[in-house]
Structure formats: C-alpha cells, structure tokens
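> Here is my input, please return the structure:
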Amino acid sequence: SRRRHTRSSLVSWARRCVQETGYQRRVHGIYYSKEQKMVLMNVLSNCLKAIVNAERAGKRQVLLRPVNKIVIKFLRIMQKKKFVGEFEIVDDRRGKKIVLDLLGRLNKCGVYSPRFDITIKGMDRIMDYVLPSRQIGYIVLTTTYGILDHEEAVKKQTGGKILGFFYQPFEFTHFRKCLLYTSDDAD
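Numbers count the residues shown, from 1 in each chain. I've put the predicted structure just below:
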C-alpha cells in the first residue's frame, strides 16, 4: 500500500527544501520560499514619516536615513519656512544620514504619490484637497526651476509635479497672531 502524504507533512517538506536549497517550492497552490527582505520604496516618504512620528513623540532631534538630494531640498524649504531647525548631513559612504533639530511646529507632513502634474490654475484645487486651510501650510513642487513651494511657483508662473506637503496646526498660528497683536497694543 502506498503512503499518502498529509498537507502538513508536505508543507514541512517544502519549508525544509527551501531552507536547504534556497529554491522556491509549490505545495497545494501555495509557494514557499525564503523570507524576503523589505525593499525601501520611497526615501522621501520614510523620512517625512520619521519626522512626523518624532514630532508627535515630543523628540527634539530625529535621525533620518537613507537620504537623497530630494530629501535635502525638501528639508531646506521646511527650514526656510521655520518648520524645522538646523540639520547636519553625515556622509557614511552608503546612503547618508541627517540629524535634524525639531522645533515642535510641525503638525503633519507627507508625500503626495503619484506625483501628479499641477498647473498654476489647478494649484487652488490641490491646495483645497491637501491642506486644511490656505493660510496654514505649503505644497512642495518639483519644477523646471528646481524644488519650490507653491508660493514661489506662483511667483515664477510655473507648474510642476507635486512632491509633498507640510503644515502646522491652526491653534499655533492663531496664538502667534494674538501675541503679535497684544505686543503692538502694549507699546
């Protein structure tokens, strides 16, 4: 009499074969292979998520890695708008690292994927869709003039592809305006 293999014995055989040889085995329509390492898909997205998570945790600094030119230019725009502090680029001869000082002003930042084309006329529609209010945040675009925020793109009369966005909470901007009015009234 012929011995019949149960499903569990076949599965364990497939896993054993994968461990020994490294090749993929198929048992009852399921492929068994060695565990795959996760692939890094979007460097900018990972860096911006790390920044938001560190801000929410109340950290003063965050380490970003790996880093490319787009991330550095995005951070320079955020720094120019006073959303993040100074940052230091550390070249480890692999993917570079950045040590970024946080100011506690950032509420949310993220990547807009896929990178849609935006014209000057369509900028208002995208701002309404992405930002909570027009006065609060910025949309970052890649244009023929380089990586710019939406205000600079309107000044230069150019469109481009959307990279991402960042904004601060409304309460903080409202509070800052109230402080400005009270300091003027005191003089």
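> all strands for the chain, in order.
25-27, 30-32, 61-64, 84-90, 97-102, 108-111, 117-118, 138-143, 146-149, 160-167 (DSSP state E).
> right, and those - which one's nearest residue 73?
strand 146-149 (4.3 Å; CB to CB). Yep, even glycine has a C-beta here, placed from its N, CA and C like the rest.
> Name the residues that touch that closest one?
70, 73-74, 77, 81, 138-141, 156, 158, 160, 163 (CB atoms under 8 Å, 6 or more residues apart in numbering).
> show me where pLDDT drops low in this structure?
Scanning the chain for pLDDT under 70 picks out 1-11, 13-15, 17-39, 169-187.
> quick revisit: and the contacts of strand 146-149, which is closest to residue 12?
Taking CB to CB as the measure, residue 12 lies nearest residue 70 of the contacts of strand 146-149, at 46.5 Å.
> Next up, the contacts around that closest one.
43, 44, 142, 147, 163.
> So which of those wins on neighbours?
Counting neighbours by other CB atoms under 10 Å, residue 163 leads these with 22 neighbours.
> The residue positioned nearest the centre of the chain: what's it in contact with?
When CA atoms, centre = their mean is applied to the chain, the residue found nearest the centroid is residue 45 (2.4 Å). Each residue near residue 45 by CB under 8 Å, 6+ apart is listed here: 110, 111, 113.
> Verify the contact between the second one and residue 46 for me.
No - no contact is recorded between residue 111 and residue 46 when judged using CB atoms under 8 Å, the distance being 9.2 Å.
> quick one: which of these two has more around it?
The neighbour comparison of residue 111 against residue 46 (other CB under 10 Å) goes to residue 111, with 20 against 17.
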